[in-house]
Structure formats: C-alpha cells, structure tokens
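Visitor: For reference, the sequence and a predicted model appear below.
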Amino acid sequence: MKAFFEKIIGFLIKRKGEVDDLSKFPDWRVGVSVAADWSWGVSMAVGMSIMAKKGIAPFLIWMLGNILAIPLVGFVRRFLPDSRHWPKFTLMLLVFAVIEYFAITLNMQAVLTGLGGGTDVITYSFLPREAAIWAVVVYGLFIVWYVNKGGLKILMLTDLGYFTVQMVSAIFIAGASFVMASGQVNSQLNWAVPGGMAWAPYAFIGIITGALAAGHQWQKYDAKAKSIFQITLWGGLFFAVYMLFVFLAGLYFSKNLVLGIAFLVIMVALATSTIDSAVSGVGYVARRFGIKSLYAGPIISVVIIFSWPCINNTTMANMWTNMANFRWPIIVFFIVVTAIIALAKNPKTTEVFKKLYLIR
C-alpha cells in the first residue's frame, strides 16, 4: 500500500529529468512562447475595454506600446548588457513578485469574463457568476499541477498550441464581428473620449515597460541568454499580428452567443499561456530570493489562486492600470541608471566628461 501511494505522489508532484532546459528549442519557438504569455487574457478584454472607454486613438497608442514591449527587452539586454544584473536587486525581485501575482489574478479574471460575463466587456454568460468563479479556481489549480510537473519544457510545448488557438480565435472573432455588424463600426465607439488622450501617454509607458517587469519572461531569456535579441524580435512579430486582429475585433464586437463562445475560447487560450508562465515565474522569483524548494512556487501560486475570489469584483481595466502605474516608474529608473553606468564605463564618454570638467 505504501508503494502504491508513493507512486501516486510521484506521478502528481515529482519531476522527471531537466525540465527547464530550452537549449534545443529554436529561437522562433521561444519567441512564440514569449508572445503567447505576453498576450494575457487582458490583451483582448482590456484592449476592447480601452477602445470603448477611452476611444480608438488611445487604444492605438496603447497597442503600439504593447507591440514594442517585447523587442524593448531585447534592445535593453543587448545595448545595456549590465541590465542582466537587475534580478540581483531586491527591488526588482519585488516587482517580479507583484507582476506574477497580477499575471495570475488578472488572467483568471479574464477567464471569468468569458465564462460568467463581465463588466469591462459585455459578453455572453455561460454560468452563474458564483459557479464560474469556482470553475476558474479549479482551472487555476490544474495549471499549477502541470507546470510543477513539466517546467519550462511543458510551456514550450503547450504555448505553441495556445498561440495557434488564440490566433485562430482572434481572426474568427474579427471576421464574424465584421459580418454580424455588416461592416459598420460600433456606433458607441469614439475616436477619443474626454480624457482619453491625456491617459494615453501613461498607458503607453505603462505597457511598453511591462515585459521588462515580468519575471517569467526573464526566466525564459535566462534559459537562452545568447539569443535574447532574436527571441524578442520573433516575439514582437508574432504578437503584432495578433494585436492587429484584436483591433479589428474591437471595432465590430457585439454581445452574441457565437461570439461569446469564441471569446471564451480565446480567453482560456490567452489566460492559460500566461498563468502557466506566471506560476513558473513565481518559482523563479522564489529561487532568486534564496528559497530552494521546487514546491515553493506551486504552493505560493495556490495561495494566490485561492485569494483571487476576494478581489474579483473589480474591473480588469482598473487592475491593469494599478499594475502598470506600479511597475513603470521602477523599470524606467533601472533603465536610466543602467544607461548612465554604461555611458560612464565608455572610454569616449569619459574623455567628453573630462573636457567638460565633469570628472577628473
């Protein structure tokens, strides 16, 4: 009997082999994974909400920052090589921890929107809200289980499927919405609502710095450190194609059973690809803090998942705004300081400073 239970426990929680080695995966595959987990469920849900609440022009500005966020990581890591040391700083690890929390809870919120209806995006409700909440909790626990078993390798294998599903669903939603609207843009949309353009610059900097604040992104880059620039270019390209269809979907989307099913499918694909990366990222942050147990990440993730029902009455737009306002000043600070250090270490810069009597 003891041997039987040991086998069950081994199947449920023990890993087999080196599951975090990405060396055998080509750059474009890692780029797909980066694009998939950067998509978040909120990239469509919040994107469509921004278009409705702020206007089309602010959405386009936000979308541009969203697309450039992944390549910015490659640019910073290549041209500011000392940025590789950021995860050694406690402040950056705290940022990672907060973002992983939001990556899990915001994406669970996105699935809830698709399953039980939402306030940001009015879509079809398949379950009563209370039942939908607990269905999403069970779904989150399942993700924690398979990430603990499979590590980064399982993310590479599943993210290709998730990204394919999200692309097909986004294309379908954009096309079906266009047909159902007879090619007429939603009459409730405006080019810019009052205050929308004032919000846009903060949204741009809030989103373009976002990938640099995600521990689960750094975990993948660290696993293929020699190819970061190429990976981020692939990731940015794949994500840009996806965002084009998000934009088209937002112009014509309406409350409808068929669109509701497609919306739920894409929410699950988007959210799962990000939640599983975030669960892995929680373990990455825990190890950076010196917690060596492989089960620290899964345990902390389970606590986050069970805490989520206490905060799910807020809107995704508000949650995203709070997260963006928290992360961007810290990331900008790290970029500026790292750039100053890089300039100071450059011999040509040193000579210029000497001529200006700024240094001796």
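Guide: Right, received. Where do you want to start?
Visitor: contacts, neighbours, all on C-alpha from now
Guide: Fine.
Visitor: From the chain's centroid, how far away is the strand or helix carrying Gly236?
Guide: In this assignment (DSSP states H and E), Gly236 forms part of helix 228-252. Helix 228-252 sits 13 Å away from the centroid of its parent chain (C-alpha atoms, centre = their mean, to the nearest Å).
Visitor: Which neighbouring elements make contact with that helix?
Guide: Judged by 3 or more C-alpha pairs under 8 Å, 6 or more residues apart in numbering; DSSP states H and E, helix 228-252 is in contact with helix 27-39, helix 42-53, helix 56-79, helix 129-180.
Visitor: Could you report the neighbour count for Asn346?
Guide: Number of residues near Asn346 (other C-alpha atoms under 10 Å) recorded here: 10.
Visitor: Now do the helix holding Gly236 and helix 42-53, the angle between them.
Guide: 40 degrees (axes from the mean of the first three to the mean of the last three C-alpha atoms, to 10 degrees).
Visitor: right, and the helix or strand after helix 228-252?
Guide: Helix 228-252 is succeeded, C-terminally, by helix 257-288 (DSSP H and E).
Visitor: which other residues reach the helix or strand following that next one?
Guide: Towards the C-terminus, the helix or strand next in line after helix 257-288, according to DSSP H and E, is helix 296-307. The contact list for helix 296-307, computed with C-alpha atoms under 8 Å, 6 or more residues apart in numbering, reads 101, 104-105, 137, 140-141, 144-145, 148, 279-284, 286.
Visitor: ok so, going back, pLDDT averaged over the helix holding Gly236, what's the number?
Guide: Here helix 228-252 scores 91 as its mean pLDDT.
Visitor: Kindly state the pLDDT recorded for Glu100?
Guide: 92.
Visitor: so what's the nearest residue to it once chain neighbours are set aside up against?
Guide: Leaving aside its chain neighbours, Glu100 sits nearest to Ala278 (5.2 Å; criterion: C-alpha to C-alpha, 6 or more residues apart in numbering). Applying C-alpha under 8 Å, 6+ apart to Ala278 gives the contacts 100-101, 103-104, 215-216.
Visitor: now, which of those sits nearest Val46?
Guide: Ala103 (13.5 Å; C-alpha to C-alpha).
Visitor: circling back to that earlier point, tell me which of the helices and strands packed on helix 228-252 sits most buried.
Guide: helix 27-39 (a mean of 26; mean count of other C-alpha atoms under 10 Å).
Visitor: list the helices and strands that one packs on?
Guide: helix 129-180, helix 215-223, helix 228-252, helix 257-288.
Visitor: change it to 7 Å
Guide: helix 129-180, helix 228-252, helix 257-288 (3 or more C-alpha pairs under 7 Å, 6 or more residues apart in numbering; DSSP states H and E).
Visitor: Show me what the next helix or strand after the first one is packed up against.
Guide: Pointing back at helix 129-180 there. Later in the chain than helix 129-180, the nearest helix or strand by DSSP H and E is helix 196-208. Contacts defined by 3+ C-alpha pairs under 7 Å, 6+ apart place helix 196-208 against helix 56-79, helix 316-345.
Visitor: residues making contact with helix 196-208?
Guide: Defining contact as C-alpha atoms under 7 Å, 6 or more residues apart in numbering, one finds that helix 196-208 is touched by 54-55, 58, 61-62, 65-66, 68-69, 324-325, 328.
Visitor: how does it look with 10 Å?
Guide: 50-51, 53-73, 191, 210, 320-329, 331-332 (C-alpha atoms under 10 Å, 6 or more residues apart in numbering).
Visitor: So what touches stretch 81-89?
Guide: 73, 75-78, 92-96, 212, 215, 218, 221-222, 225, 285, 288-289, 331, 334-335, 337-339, 341-342.
Visitor: and the residue lying closest to Leu212 once chain neighbours are set aside, what is it in contact with?
Guide: Closest residue to Leu212 apart from its sequence neighbours, by C-alpha to C-alpha, 6+ apart: Val73 at 5.9 Å. Residues near Val73 by C-alpha under 10 Å, 6+ apart: 83, 208-213, 217-218, 221, 228-229, 231-233.
Visitor: Nearest to Thr272 among those residues?
Guide: Gln217 (15.1 Å).
Visitor: who wins for most neighbours among the contacts of Ala278?
Guide: His216 (32 neighbours).
Visitor: who are the neighbours in contact with the closest residue to it other than its chain neighbours?
Guide: Counting by C-alpha to C-alpha, 6+ apart, His216 lies nearest to Gly281, which is 4.1 Å off, once chain neighbours are set aside. Gly281 is in contact with 96-97, 99-101, 103, 152, 214-220, 275, 287, 297, 301, counting by C-alpha under 10 Å, 6+ apart.
Visitor: you'd agree Ala35 is up against Tyr242?
Guide: Yes - with contacts counted by C-alpha atoms under 10 Å, Ala35 reaches Tyr242, the gap being 9.1 Å.
Visitor: Identify the contacts common to those two.
Guide: Joint contacts of Ala35 and Tyr242 (C-alpha under 10 Å, 6+ apart) are 67, 163, 236.
Visitor: and the residues you listed as CSV, adding distance to Val265?
Guide: Shown next, in CSV, are the shared contacts of Ala35 and Tyr242 (distance: C-alpha to C-alpha, whole Å):
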residue, distance to Val265
Ile67, 22
Phe163, 12
Gly236, 23
